[in-house]
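Asks: Any chance you could fold what I've pasted below:
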Amino acid sequence: MLGCGIGVGDDSCACLQVGDAVAQDDGANRDARVERLLVGQRVADGPGIRPAPGSIAFRDIVIRPEPVGDVTAAKASYLSPYGEIVSDWKKEDNTFTLRVRIPANAHATIYLPAESTSDVTVNGVAVAIEKGYKEGRYVMETGSGEYLLHVVNRRPVTSSAGSYAGR
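Replies: Numbering: from 1, shown residues only. Sure thing, here's the model as predicted:
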């Protein structure tokens, strides 16, 4: 697991697990401990690596990056029984770039933050966003491999007469 918190109930122990490293404290600084647990959860969610519902051993993967606030990039990897899963994203201005690695014999559903008018490319090939656009995301299904995905959100051209987008 990328991040978790355990044993906060009786104020005697807290753990933050990231990969195989575990840090513990004796309860002397409860506020700092709780903050570390919450930050650990946000860090785990940012890159967006999760098992699909009902998946065993990450055979079916969900990659759903969550670019929020001032966060401009996140990267994580997870060594599943099938191999390494990687999610590495960055956002700049109106462009979102995601590098993904899906291990052999695994399947992934990738959710890209997008607008209905966004330009989307997968490994340099343009895709028709209307075929996979759902509720603020471009959704694609894929097998094993390495993928470079780009989303460019078009900014409407405006003038005193209004927007030219969509005309």
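
Asks: And for T117, nearest residue in space, chain neighbours not counted?
Replies: R154 (5.0 Å; Cβ to Cβ, 6 or more residues apart in numbering). Every C-beta, even on glycine, is put in place using the N, C-alpha and C of the backbone.

Asks: The one you found touches S116, doesn't it?
Replies: No - taking contacts as Cβ atoms under 8 Å, R154 lies outside contact range of S116: 10.0 Å.

Asks: so how far is A52 from P67?
Replies: 21 Å (Cβ to Cβ, to the nearest Å).

Asks: For the two, indicate the residue with more neighbours.
Replies: With neighbours defined as other Cβ atoms under 10 Å, P67 and A52 compare such that P67 has more, 17 against 14.

Asks: Look at that one and tell me its secondary structure.
Replies: Look at P67: counting by DSSP: H, G, I helix; E, B strand; the rest coil, its state is coil.

Asks: ok, the residue nearest to it when sequence neighbours are not counted to I56 distance?
Replies: Nearest residue to P67, sequence neighbours excluded (Cβ to Cβ, 6+ apart): K91, at 5.1 Å. Applying Cβ to Cβ, the value for K91 to I56 is 33 Å.

Asks: Which residue of the two possesses the greater neighbour count?
Replies: The residue with more neighbours, out of K91 and I56, is K91; 18 against 9, by other Cβ under 10 Å.
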